[in-house]
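Novice: This is the structure alone, sequence omitted:
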């Protein structure tokens, strides 16, 4: 392709890009795509295929931490889930365990055990969010959590004082509830600017994940980390033929496990 596909479906198109830095994949919901934002769903079958392919090609699930961002070791990948959906817990955690990957859930701290009420006005159906017991199980399995504000607020669309409260209070709420440092933040809707990034740093976070496309290296600002959304491939004729050809290929190892 002349232009890099910005949605991750399989490894084939992304080998060269992944070799240039630390990739961070972005997931939201697991299950059958439905509703106005169906692209935010990934089926368990597709997730399993992606994890198996990564493992067979020598990738390991790296924790989100500064050492990983600075390292040049090949074969690392960070898996992130936004919003803390229960379906990501129910359907995703067994697959992550089976293939030996760790992931980070970005939790909307004021909605634990609730629903995605920030989506209702768009006609998006309610989905259950992980409750406290499930988040504790997630942590006990070796995964991470990060903060995703108190209410899933668009931080560039509210007054600065309100944005600062959404950021700082979400960190404190998670730390008080789970008794662990919460060092990583994710911007709802990907909406951020330099002022918001500064608030995240001032609140004591170590990183901030955006929705900007690309991989990460020491030159990428820690509060503007790039991610690649994982989703279904476009159903155009060209993409279907490409998928068939990719499936027919033998695996081409890039890294040694």
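Specialist: Done, it's in. In this text the structure is predicted, and so the values were computed from the model without any measurement.
Novice: Could you use CA atoms for every contact and neighbour count after this?
Specialist: Noted.
Novice: right, and the secondary structure at the residue most central in space within the chain would be what?
Specialist: With distances taken as C-alpha atoms, centre = their mean, residue 80 lies nearest the centre of the chain, 2.4 Å away. For residue 80, the assignment made with DSSP: H, G, I helix; E, B strand; the rest coil gives strand.
Novice: show me what contacts it?
Specialist: 24-27, 103-106 (C-alpha atoms under 8 Å, 6 or more residues apart in numbering).
Novice: And for whichever helix or strand residue 162 is part of, what's in contact with it?
Specialist: Residue 162 belongs to helix 160-178 when assigned by DSSP states H and E. With contacts defined as C-alpha under 8 Å, 6+ apart, helix 160-178 is touched by 108-110, 136, 147-151, 153, 155-156, 180-183, 196, 199-200, 203.
Novice: Next, count neighbours for residue 191.
Specialist: 15 (other C-alpha atoms under 10 Å).
Novice: wait, I meant residue 175
Specialist: Neighbourhood size, residue 175 [other C-alpha under 10 Å]: 16.
Novice: isn't residue 10 right next to residue 51, touching?
Specialist: No: look at residue 10 against residue 51 with C-alpha atoms under 8 Å: they stay out of range, at 9.6 Å.
Novice: How much space separates residue 62 from residue 112?
Specialist: 25 Å (C-alpha to C-alpha, to the nearest Å).
Novice: Look at residue 254 and report its pLDDT.
Specialist: On the pLDDT scale, residue 254 is placed at 39.
Novice: just residue 68 next, same as before
Specialist: Predicted confidence (pLDDT) at residue 68: the value is 86.
Novice: Setting aside sequence neighbours, what's the nearest residue to it?
Specialist: residue 62 (7.2 Å; C-alpha to C-alpha, 6 or more residues apart in numbering).
Novice: need the contact list for residue 32.
Specialist: Contact analysis of residue 32 by C-alpha under 8 Å, 6+ apart lists 41-43.
Novice: Going by distance to residue 191, which of these wins?
Specialist: residue 41 (20.4 Å; C-alpha to C-alpha).
Novice: and the gap between residue 213 and residue 190?
Specialist: Relative to residue 190, and taking C-alpha to C-alpha, residue 213 is found at 11 Å.
Novice: Next: residue 12.
Specialist: Relative to residue 190, residue 12 is positioned 26 Å away (C-alpha to C-alpha).
Novice: in this protein, which spans are helices?
Specialist: For the chain, the helices defined by DSSP state H cover 15-18, 44-56, 66-70, 86-87, 93-99, 132-140, 160-178, 194-202, 237-248.
Novice: These: which one's closest to residue 119?
Specialist: helix 86-87 (15.7 Å).
Novice: For the closest one, enumerate the helices and strands it packs against.
Specialist: Contact here means 3 or more C-alpha pairs under 8 Å, 6 or more residues apart in numbering; DSSP states H and E; on that basis helix 86-87 packs against no helix or strand.
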